[in-house]
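J.: Quick one, structure for this:
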Amino acid sequence: MSTSNVVIPTSRGPMRAAYAAATGAPPQPGIVVLHELWGLNDDIRRIAERLGSAGYAAVAPDLYSPGFKPLCIARTLHSMANMGAWSVDQAEAARAWLGARPEVDANRIGAIGFCLGGGFALALGVRGDLRAAAVNYGPVPPNATELEGVCPVVASYGADDRRFAAEGQRLDALLDELGVEHDVKLYEGAVHSFMNDAGHSVLQRLLRPVMAFAYDGPAAEDAWERILAFLDRHLRSA
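T.: Okay, here's the model as predicted:
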């Protein structure tokens, strides 16, 4: 299976995306795949393909389009810090595009995100019409009021992630407070971006002095097992 390149209309212009058709007969559940800081790369395309093979129609929008990538990265980081408008609007456009496809059941759509994309998946779970959100080492708002109405959440964090481990602990506590169904796990020995096995980009190498990045195969596969079980429970039923 491979992804195809598609274009999604948004209020800010055409947005590039990768689409993985699902195996199995329609109507199919759908997943919006939200990338890390590194953008829509081969790793994110492989994740979309994995979800397609698991029976989910998966679309991975390029949150940096349209626009000049360095400026888009800066704008997206600002958006992440504010659980924010720009990129969540782009993610919502991808969700609406996916739900309008004839092979997809618009009532059975979820989102999965990584790092900043994890934060946007969580925000989309509050704002958008999602049945479930998978949050992987993403930022979390400071209080429960910003998560009111959020859909069920499965989340995975590295316990040795100096920047985001505390976010995972807070997410678990906030969802407990709200009474939202959730499965949050911190993996001992895992650092940031532990599910990304695509190698290290130049930007990752530049950030290494302040944040460790490393793939952890056993932790990643355990996280995938939990994610797919959670998505199946919430998105397979009509």
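J.: The chain: strands as residue ranges?
T.: Taking DSSP state E as the criterion, the chain contains strands spanning 4-10, 13-20, 28-34, 57-61, 104-114, 132-136, 153-158, 182-187.
J.: what comes up buried for the fifth one?
T.: In terms of neighbour count (16 or more other CB atoms under 10 Å), strand 104-114 has its buried residues at 104, 105, 108, 109, 110, 111, 112, 113, 114. Using the backbone N, CA and C atoms, a C-beta is placed for each residue, glycine as well.
J.: Check stretch 127-135 too.
T.: 127, 128, 130, 131, 132, 133, 134, 135.
J.: Check stretch 26-33 too.
T.: By neighbour count, with 16+ other CB under 10 Å as the criterion, the buried positions of stretch 26-33 are 27, 28, 29, 30, 31, 32, 33.
J.: coming back round to it: can you name the two of the buried residues of strand 104-114 that sit furthest apart?
T.: Greatest spatial distance among those (CB to CB): 105 and 114, at 24.6 Å.
J.: quick one on the thing from earlier: mean pLDDT and distance to residue 165 for the strands of the chain - can I get that in a markdown table?
T.: A markdown table is the format used below for the strands of the chain (pLDDT from 0 to 100; distance: least, CB to CB, whole Å):
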| stretch | mean pLDDT | distance to residue 165 |
| --- | --- | --- |
| strand 4-10 | 95 | 34 |
| strand 13-20 | 96 | 30 |
| strand 28-34 | 98 | 20 |
| strand 57-61 | 98 | 26 |
| strand 104-114 | 97 | 15 |
| strand 132-136 | 98 | 13 |
| strand 153-158 | 98 | 6 |
| strand 182-187 | 98 | 6 |
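J.: and of the ones you listed, who's closest to residue 97?
T.: strand 4-10 (4.6 Å).
J.: what's the spacing between that closest one and its chain's center?
T.: In terms of CA atoms, centre = their mean, to the nearest Å, the centre of strand 4-10 is found 18 Å from the chain centre.
J.: just stretch 11-27 next, same as before
T.: Its chain's average C-alpha position is 15 Å from that of stretch 11-27, according to CA atoms, centre = their mean.
J.: What's the end-to-end length of that stretch?
T.: 28 Å (CA to CA, to the nearest Å).
J.: for this protein, which residue is closest to the average position?
T.: For the chain, the residue nearest the mean C-alpha position is residue 113 (1.1 Å; CA atoms, centre = their mean).
J.: how close does it get to residue 98?
T.: Using CB to CB, to the nearest Å, residue 113 is found at 15 Å from residue 98.
J.: need the helices for the chain, in chain order.
T.: Per DSSP state H, the chain carries helices over the ranges 42-53, 69-81, 85-99, 116-127, 165-178, 202-207, 217-235.
J.: mean confidence score for the third one?
T.: Averaging the model's pLDDT scores along helix 85-99 yields 88.
J.: name the helices or strands packed onto it?
T.: Helices and strands touching helix 85-99, by 3 or more CB pairs under 8 Å, 6 or more residues apart in numbering; DSSP states H and E, are strand 4-10, strand 13-20, strand 28-34, strand 57-61, helix 69-81, strand 104-114, helix 116-127.
J.: Out of these, which is closest to residue 224?
T.: strand 104-114 (10.2 Å).
J.: Could you check how far stretch 157-165 is from the centre of its chain?
T.: In this view, stretch 157-165 has its centroid 17 Å away from the chain centroid, taken as CA atoms, centre = their mean.
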